[in-house]
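In: The following block contains a protein sequence and its predicted model.
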Amino acid sequence: MAAAGTLEQKALSLINTLERAGKTVRSIAVEGRRIEVVLAKGENLDEFERIDMRHGKT
């Protein structure tokens, strides 16, 4: 279960990073090794559009 804790920490870190950048996180889902973040409507994604936020192999 250490991997789950690590993945949860990465998800929390991602949320903190987005919120520090002024984004409002509406929801987050962790499925396997995939983290999906949904921002509040009306948020502009331009700042993060070209950043690959995937972790690990795809």
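Out: Happy to help now that I have it.
In: Would you agree Val37 is in contact with Ile28?
Out: Yes. Look at Val37 against Ile28 with C-beta atoms under 8 Å: they come within range, at 5.1 Å. (C-beta placed from N, C-alpha, C; glycine too.)
In: Mind checking which of these two has more residues around it?
Out: Val37 (17 against 14; other C-beta atoms under 10 Å).
In: Show me whatever sits in contact with both of Val37 and Ile28.
Out: Leu14, Ile15 (C-beta atoms under 8 Å, 6 or more residues apart in numbering).
In: Leu18 looks like it's in a helix, true?
Out: Yes. Under DSSP: H, G, I helix; E, B strand; the rest coil, Leu18 falls within a helix.
In: The closest residue to it other than its chain neighbours: neighbour count?
Out: Distances taken as C-beta to C-beta, 6 or more residues apart in numbering place Val25 nearest to Leu18, at 5.7 Å, with adjacent residues excluded. The number of residues packed near Val25 is 15, by other C-beta under 10 Å.
In: Val25 contacts Thr17, doesn't it?
Out: No. If you go by C-beta under 8 Å, Val25 and Thr17 don't touch, sitting 10.1 Å apart.
In: Can you give me every residue that contacts the nearest residue to Thr24 once chain neighbours are set aside?
Out: Excluding its sequence neighbours, the residue lying closest to Thr24 (C-beta to C-beta, 6+ apart) is Ala40, at 3.8 Å. Going by C-beta under 8 Å, 6+ apart, Ala40 touches Lys23, Thr24, Val25, Arg26.
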